[in-house]
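Q: With the sequence up front, the predicted model follows.
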Amino acid sequence: MTRAFITGVTGQDGYYLSKLLLEKGYEVYGLVRGQNNPKIEFLKAELPEVKILTGDLMDTSSLIRALNASQPDEFYNLGAISFVAYSWENASLTADVTGKGVLNALEATRIYAGDDAAKVKFYQASSSEMFGKVQHVPQSESTLLWPRSPYGVAKVFGHYMTINYRESYGMHASSGVLFNHESPMRGPEFVTRKISMAVARIALGLQDKLVLGNIDAKRDWGFAGDYVEAMWRMLQQEEADDYVISTGETHPVREFLDVAFNHAGISDWEKYVVQDPEFYRPAEVDLLVGDATKAKEQLGWVPKVSFPELVRMMVDADLKRQRDAQN
Ligand code: NAP
Ligand code: F7E
């Protein structure tokens, strides 16, 4: 039985990746941080087969202990402070977790693997946020990185550390440069889920305003369930490498709003939406669109869920949640 160890198992991607690996017959171990973390109960209820280990990306010894306990063939490093807006307010913490946490994970893996550096295949969750002030459109593996947020800067550090450990020690360490991916499991702080939750509540008469920031920002949005498949494919390759994962389409937040409200039967949606500078960012990433040609050619990966299907899936899930909560 192949064994996988996942940090960030309580997050959106941790959920979909655990499901995928369990379906493939893996033994899955997940790292959960903090004392009495409330997400443990959710994880136990939704994915009872996942074996929970405690630890923190800021504590290398806890990672070594978790690797010794799980003896993994594959290590997926998904743990991070991942909310870009929060990273300006907590830049140092973001550097420690999202940046140095990657070094801690790589170093723990190197120590655990001993003489056989490639014993554990390592996946690093890099991000399109690293492209920031984009230097080329669309963005590919060779596009110059120009991060625009403390989160993006921390991800650049983790990205290059992953490459450095591959080149220095011969580790099978791959970095997936994933563009935005969403789902009904997306955290409520991110714009897509904030919208799908609000649309459901407005449609059911439970809310009458949705306060947002810059609705002209554009993103290349895919479905998280498709993207975790790409992570797995990267670790099945003979050679470790880096891959951009994206849909190749970009849409403004405004279009997400339009599809979401219309799906809930509301066409005059502008009257519900208010823009507030509180949600504007000190520096914006205006035009992200990825070129995933390499992933298509080398991994045979293509996204399956389209943009309107994704939006409708999220609105439907939140309508159901709201209705269930009312009954
Ligand atoms: P998410 O839902 O925010 O999940 C983040 C996970 O990291 C949570 O399980 C969280 O645990 C954990 N974590 C936070 N601090 C930690 C620490 N100090 N030690 C160990 N774990 C810690 O993020 P996601 O959307 O699933 O994304 C997964 C990864 O992909 C992240 O690294 C993210 O930066 C990256 N990424 C995401 C996207 C996207 O569009 N979703 C795109 C590119 C890259 P708690 O539950 O305890 O807080
Ligand atoms: O913002 C704009 C906001 O917070 C998307 C993370 O998974 O993807 C994610 O980062 C856009 C931005 O995601 C609101 O200004 C407008 O332009 O949903 P988001 P993100 O910053 O793109 C990348 C790839 C990651 O790696 C990250 O971990 O939407 N926007 N109004 C808003 N955003 C939020 N959150 N809230 C608003 O009210």
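A: Thanks, I have it. Ligands and ions are numbered 1, 2, ... in the order given.

Q: residues from the protein in reach of ligand 2?
A: 82, 84-85, 127-129, 179-180, 189-192, 194, 212-215, 217, 219, 253, 279, 281, 284 (Cβ under 6 Å from any ligand atom). Where you see a C-beta, it was placed from the backbone N, CA and C, and this is true even at glycine.

Q: May I see the PyMOL selection of the buried members of these?
A: In PyMOL syntax, the buried subset of the residues of the chain next to ligand 2 is picked out as below (16 or more other Cβ atoms under 10 Å):
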select buried, resi 82+84+85+127+128+129+179+180+190+191+192+194+212+213+214+215+217+219+253+284
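
Q: Among the residues of the chain next to ligand 2, which lie within helices?
A: Under the assignment DSSP state H, the residues of the chain next to ligand 2 contribute 84, 85, 191, 192, 194, 253 to helices.

Q: with those in mind, which one is nearest to residue 175?
A: residue 84 (18.6 Å; Cβ to Cβ).

Q: how does this protein divide up, domain by domain?
A: 3-181+224-245, 184-219+249-285+305-326 (automatic domain parsing).

Q: just for the stretch 51-200 of the chain, where's the confidence low?
A: The stretch 51-200 of the chain contains no residues with pLDDT under 70.

Q: Tell me where it has helices.
A: 60-70, 84-89, 91-94, 101-113, 150-169, 191-203 (DSSP state H, counting those that start in this stretch).

Q: Point out the residues in this protein that sit beside ligand 1.
A: So the chain meets ligand 1 at 7-8, 10-14, 31, 33-34, 37, 39, 56-58, 78-82, 97, 125, 127, 178, 180-181, 187 (Cβ under 6 Å from any ligand atom).

Q: I only care about those that end up buried; give me the PyMOL line for that.
A: Buried subset of those, written as a PyMOL selection, criterion 16+ other Cβ under 10 Å:
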select buried, resi 7+8+10+11+12+13+14+31+33+56+57+78+79+80+81+82+97+125+127+178+180+181
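
Q: In three-state terms, label the nearest residue to residue 42 once chain neighbours are set aside for me.
A: Spatial nearest neighbour of residue 42, excluding adjacent residues (Cβ to Cβ, 6 or more residues apart in numbering): residue 10 at 7.3 Å. When classified by DSSP: H, G, I helix; E, B strand; the rest coil, residue 10 comes out as coil.

Q: Test my guess that residue 10 contacts residue 41.
A: No. In this structure residue 10 lies outside contact range of residue 41 using Cβ atoms under 8 Å: 10.3 Å.

Q: Looking from ligand 1, tell me which residue of the protein is nearest.
A: residue 11 (2.1 Å; Cβ to the nearest ligand atom).

Q: Can you get me a residue count around residue 322?
A: 16 (other Cβ atoms under 10 Å).

Q: Three-state assignment for it, please.
A: Looking at residue 322 with three-state DSSP, the answer is helix.

Q: and the closest residue to it other than its chain neighbours, what does it touch?
A: Distances taken as Cβ to Cβ, 6+ apart place residue 200 nearest to residue 322, at 4.8 Å, with adjacent residues excluded. Neighbour list for residue 200: 264, 315, 318, 319, 321, 322 [criterion: Cβ atoms under 8 Å, 6 or more residues apart in numbering].

Q: Grab the two from those residues that are most spread out in space.
A: Maximum pairwise distance in those, criterion Cβ to Cβ, is 13.4 Å, between 264 and 321.

Q: More neighbours: which of these two?
A: Applying other Cβ under 10 Å to residue 264 and residue 321 shows that residue 264 carries more neighbours, namely 19 against 14.

Q: Residue 198 is in contact with the more buried one, correct?
A: No. Residue 264 lies out of contact with residue 198 (Cβ under 8 Å); the separation is 10.1 Å.

Q: Could I get the full set of helices for the stretch 201-327 of the chain?
A: Under DSSP H, counting those that start in this stretch, the stretch 201-327 of the chain gives helices at 224-235, 253-263, 293-294, 307-326.
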